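> sequence and predicted structure, then a few things I'm wondering about:
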Amino acid sequence: MMHKIKIYHNPRCSKSRQGLQILKDKGVDFEIVQYLKTPPTKEELKEIIKKLDIKPIDLVRKNEKIWKENYKGKELTDDEIIEAMVKFPKLIERPIVVKEDKAVLGRPPENILKIV
């Protein structure tokens, strides 16, 4: 069975919209996850980070006010960083496209072409 591609999408983000357009242009079957409305669980986020092959801190939007006010400059474990993203999904960098055991961050959006 073919696994559907998932895009973790924020409609208000231009990079995320460009990423979505790339998937539409490719004509692939995909599912949109509006992660601000339905945030990933801690387990899902761990899984995504593993597929991206990055450290949790590399998925954080460090310019977000929430990050600057609550976490910046603190010594945080990977687990604490993941918990922060689950609690405040706005901190999650976007868009993320997941296909089977791989995932890419659509920054730049062209990265998505690597897995579709």
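On my side now, so go ahead.

> shaky segments in this protein?
Within the chain, the ranges that satisfy pLDDT under 70 run 1-3.

> quick one, strands of it?
5-8, 30-33, 96-99, 102-105 (DSSP state E).

> in contact with Q21, which residues?
For Q21, the contacting residues are P109, by CB atoms under 8 Å, 6 or more residues apart in numbering. In short, each C-beta sits where N, CA and C put it, glycine included.

> centroid residue for the chain?
With the centre of the chain defined as its mean C-alpha position, the nearest residue by CA atoms, centre = their mean is I96, 3.7 Å away.

> next, count neighbours for K65.
Neighbours of K65 under the rule other CB atoms under 10 Å: 8.

> oh, I was asking about F30
Applying other CB under 10 Å, we find 19 residues neighbouring F30.

> and the lengthiest helix in the chain, what's buried?
When the chain is parsed with DSSP state H, its longest helix is helix 14-26. Judged by neighbour count (16 or more other CB atoms under 10 Å), helix 14-26 contains these buried residues: K15, S16, Q18, G19, L20, I22, L23.

> so can I have JSON lines of those showing distance to P56?
Formatted as JSON lines, the buried residues of helix 14-26 follow (distance: CB to CB, whole Å):
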{"residue": "K15", "distance to P56": "20"}
{"residue": "S16", "distance to P56": "20"}
{"residue": "Q18", "distance to P56": "25"}
{"residue": "G19", "distance to P56": "21"}
{"residue": "L20", "distance to P56": "24"}
{"residue": "I22", "distance to P56": "25"}
{"residue": "L23", "distance to P56": "25"}
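
> circling back: now find how far off-centre the longest helix of the chain is within its chain.
14 Å (CA atoms, centre = their mean, to the nearest Å).

> quickly list what V97 is bridged to.
I7, V104 (DSSP bridges).

> returning to that earlier point: list the contacts for the closest residue to the residue nearest to the centre of the chain other than its chain neighbours?
Using CB to CB, 6 or more residues apart in numbering and skipping the chain neighbours, the partner closest in space to I96 is Y8 (4.2 Å). Going by CB under 8 Å, 6+ apart, Y8 touches V33, Y35, P40, I48, I92, R94, P95, I96, V97, V98.
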